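> build me a model:
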Amino acid sequence: MKKALWVVMTALATLVAAYAAAVLLLPGFGPPLIIARRATMPLAVTAHLGGGLVALAVGAWQMNARLRSRFIEYHRWMGRTYVVAVLIGGLGALRMAPESQQGWVTHLGFGLLALLWLFSTARAYIAIRSHAEARHRDWMIRSYSLTLAAVTLRIYLPVSLALGVPLGNAYRVISWLCWVPNIILAEWLVRRTQAPIPAIAGDTFARGEALAEGL
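Residues are numbered from 1 along each chain as shown. Predicted coordinates for the structure are as follows:
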C-alpha cells in the first residue's frame, strides 16, 4: 500500500476509533440511536463499539508491510487481538442489525456486513494457522476493508445530509454503500497482487492446485 494512502487510512481509522471510544465511555455522548439502543441492548452495543474500535485501530497497523516484516512478533499478537475484536464486534453487530432504522433494507445491509466481516476474518485466521501466508494476506485485506465500513459510513452520512438527502433514504442506501465498494476495491487489490497461475501444458491437476491456492 502506498505510504500516503496508508497514512490517510490510519488517521481516519484512528479518529473513528477514538469517537467510538468516547461514545462507549462517556454517558449521554453519541447519536440518539446509539443512546436508545444502549438502553435496550447494552451488551450488543458495548460489544460492537468495543470490538469495532479495537479492530479499526489495530487493523490499520497490520496493513503496513514494512512494520510487518520488521516486527513480526508484534504483528502476530496484534493479529490475534484483531481476530478477537472482530469476533466480539461482529457478534454485537449481528444482534443490532435487526433493530437498525429504516426497515428490512438496512437490516439486510448491516446484517450481511456483519456476517462477511466474521467470515473473512475467520478465513484469514484459518489461513495463517495453515501457514498459507498469501491467502492470509488476501483475506485480511478483505476483512479490514469491511472494518473500514465504520469510516466510510461516517463520511457518506454527513455528506448526504449536507446535500439535502432525507435521512431515511440516505440511511437505507448507506447501509450497503458503506461496505460494498470497500469489498469490491479489496477484491481488486487482492487479484492485482496475486501471482499469475503458471502455464503447465497438459497438466490439468497442477493448474487446479494453483487455482485453489489463490482462493
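
> give me the low-pLDDT residue ranges for this protein?
When residues are selected by pLDDT under 70, those of the chain lie in 1, 195-215.

> for it, just list every one of the helices.
For the chain, the helices identified by DSSP state H occupy 3-25, 32-40, 42-62, 65-70, 72-96, 104-129, 133-147, 149-162, 167-177, 180-193, 204-213, in order along the chain.

> adding mean neighbour count, write these out as TSV.
The C-beta positions use only the backbone N, C-alpha and C, and glycine is treated the same way. Converted to TSV, these look like this (neighbours: other C-beta atoms under 10 Å):
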stretch	mean neighbour count
helix 3-25	15
helix 32-40	13
helix 42-62	21
helix 65-70	12
helix 72-96	18
helix 104-129	19
helix 133-147	22
helix 149-162	17
helix 167-177	18
helix 180-193	14
helix 204-213	11
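
> in space, what's closest to Tyr33 - neighbours in sequence excluded?
In this structure residue 33 is Leu, not Tyr. The spatial neighbour of Leu33 that comes closest, neighbours along the chain excluded (C-beta to C-beta, 6 or more residues apart in numbering), is Gln101 at 6.4 Å.

> just Asn64 next, same as before
Trp6 (6.0 Å).

> so who does the one you found touch?
60, 63-64 (C-beta atoms under 8 Å, 6 or more residues apart in numbering).

> over to Ala170?
When contacts are counted by C-beta under 8 Å, 6+ apart, Ala170 touches 156-157, 160-161.

> same question, Asn182
Contacts here follow C-beta under 8 Å, 6+ apart; on that basis Asn182 touches 145-146, 148-149, 152.

> distance to Leu87 for the residues you listed - can I get that in a markdown table?
As requested, those are exported to a markdown table (distance: C-beta to C-beta, whole Å):
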| residue | distance to Leu87 |
| --- | --- |
| Ser145 | 18 |
| Leu146 | 13 |
| Leu148 | 18 |
| Ala149 | 17 |
| Thr152 | 22 |
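
> nearest to Ala36 among these?
Proximity of the contacts of Asn182 to Ala36 (C-beta to C-beta) peaks at Ala149, which lies at 21.4 Å.

> among the contacts of Asn182, which one lies nearest to Ala186?
The shortest separation between Ala186 and any of those is 3.6 Å, and it belongs to Ser145 (by C-beta to C-beta).
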